[in-house]
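Enquirer: Sequence first, then the predicted structure, then my questions.
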Amino acid sequence: MDMEQTSRAVCPSITQQLGLDAFEHIVDHAPTAISITDDHGRIIFANQSFLDITGYSEPEILGQNSSILSYKMTPKSVYQHLWSTISNGLVWRGQLINKRKNGALYVADVSISSLSNADGKIFYYAIQQDITDTHKLQTEQKNQSALFHAVLNSAPIAMALLDDENHPLYSNQRYQQLTSTLLSSPTDIVLDQLQGDHQCTTISQYLGRKDQRTKSIYVAENRQGDEKWFDVSLVKIPVNDSTPSANE
């Protein structure tokens, strides 16, 4: 079935309002992959973005079942839930690992819904985007984050990352253990002594133009009733603002 037949069969009201040429242009030049299948899952239309992502030509893909893109390691329950959802007139959204013509895998962000024409015939309309690079980056970031946490938690000293308002963003296990033994958080103790000794209300104010300073902190009493001294290293970490400007 070619584009003209598909558009007239599936969306006659739209093609009448826009004109067939305009409708074809919009769909075929859409930046996302669009495909339409019949009620048996056979592909009856695929736009250029779909062909670009999957690597198939139009003659190769038309008439094929949409399962031609399926990755065999995806649990059958995923596809069963997908078909159950769209068969009941609901929209299915999710991420699938699909297979290109050359066998390469890609991660697709997919939305599938059903539609019917004037004759009541059911079709399924799918939109997908290749998010492989984004997914890979997110996975790498998660792995790096896990490594970051593992390294800091294995450190023999208490460590905490604070924002510019002295709110803890992250603390390792040693810091949390230390907190449990003190009558207040280590950060609050440091801030109290900075204010008392140097009239500084923030760590940033105490550091001034220096990137790092070390201070000895006296804790008069902890939960065990002991006196303790701690050497505290305060380090300024520069953060680049990645927010894009209007002219970028």
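Expert: Thanks, I have it.
Enquirer: so where's the longest strand in this structure?
Expert: Under DSSP state E, the strand in the chain containing the largest number of residues is strand 105-116.
Enquirer: Contacts for the longest helix anywhere in the chain next, please.
Expert: Counting residues, the longest helix in the chain under DSSP state H turns out to be helix 132-154. Identification of contacts with helix 132-154 by CB atoms under 8 Å, 6 or more residues apart in numbering yields 95, 106-107, 159, 170, 172-174. (C-beta placed from N, C-alpha, C; glycine too.)
Enquirer: Any quick PyMOL command for the buried ones out of the residues you listed?
Expert: PyMOL command restricting these to the buried ones, with burial defined by 16 or more other CB atoms under 10 Å:
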select buried, resi 106+107+172+174
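Enquirer: returning to that earlier point: just the buried positions in the longest helix of the chain, please.
Expert: 132, 135, 152.
Enquirer: In a markdown table: these, plus pLDDT.
Expert: A markdown table is the format used below for the buried residues of helix 132-154 (pLDDT from 0 to 100):
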| residue | pLDDT |
| --- | --- |
| Thr132 | 94 |
| His135 | 89 |
| Leu152 | 85 |
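Enquirer: of all these, which comes closest to Gln80?
Expert: His135 (23.3 Å; CB to CB).
Enquirer: would you list every one of the strands in the protein?
Expert: According to DSSP E, the strands that the chain contains are 33-38, 43-46, 92-99, 105-116, 122-130, 160-162, 168-171, 212-219, 228-235.
Enquirer: winner for burial among the ones you listed?
Expert: Comparing these by mean neighbour count (mean count of other CB atoms under 10 Å), strand 43-46 ranks first with a mean of 23.
Enquirer: Just the residues contacting it, thanks.
Expert: By CB under 8 Å, 6+ apart, strand 43-46 touches 1, 3, 6, 10, 33-38, 54, 56, 58, 61-66, 123.
Enquirer: now swap in stretch 28-42 and tell me
Expert: 3, 6, 10, 27, 43-50, 52-54, 63-67, 108, 121-130.
Enquirer: Next up, the contacts around Gln95.
Expert: So Gln95 contacts 107-110, 131, 135 (CB under 8 Å, 6+ apart).
Enquirer: quick revisit: just the C-alphas of the longest helix of the chain, formatted as CSV.
Expert: Provided in CSV are the C-alpha atoms of helix 132-154 (Å, rounded to 0.1, in the frame of the first residue of the first chain):
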residue,chain,number,x,y,z
THR,A,132,20.8,5.0,21.7
ASP,A,133,23.3,7.8,22.3
THR,A,134,21.2,9.3,25.1
HIS,A,135,20.7,5.9,26.7
LYS,A,136,24.4,5.1,26.4
LEU,A,137,25.3,8.5,28.1
GLN,A,138,22.9,7.9,30.9
THR,A,139,24.3,4.4,31.5
GLU,A,140,27.8,5.8,31.6
GLN,A,141,26.8,8.5,34.0
LYS,A,142,25.1,5.9,36.3
ASN,A,143,28.3,3.7,36.2
GLN,A,144,30.4,6.7,36.9
SER,A,145,28.1,7.7,39.8
ALA,A,146,28.3,4.2,41.2
LEU,A,147,32.1,4.3,41.0
PHE,A,148,32.2,7.7,42.6
HIS,A,149,30.1,6.5,45.5
ALA,A,150,32.1,3.3,45.9
VAL,A,151,35.4,5.3,46.0
LEU,A,152,34.2,7.8,48.5
ASN,A,153,32.5,5.2,50.8
SER,A,154,35.8,3.3,50.9
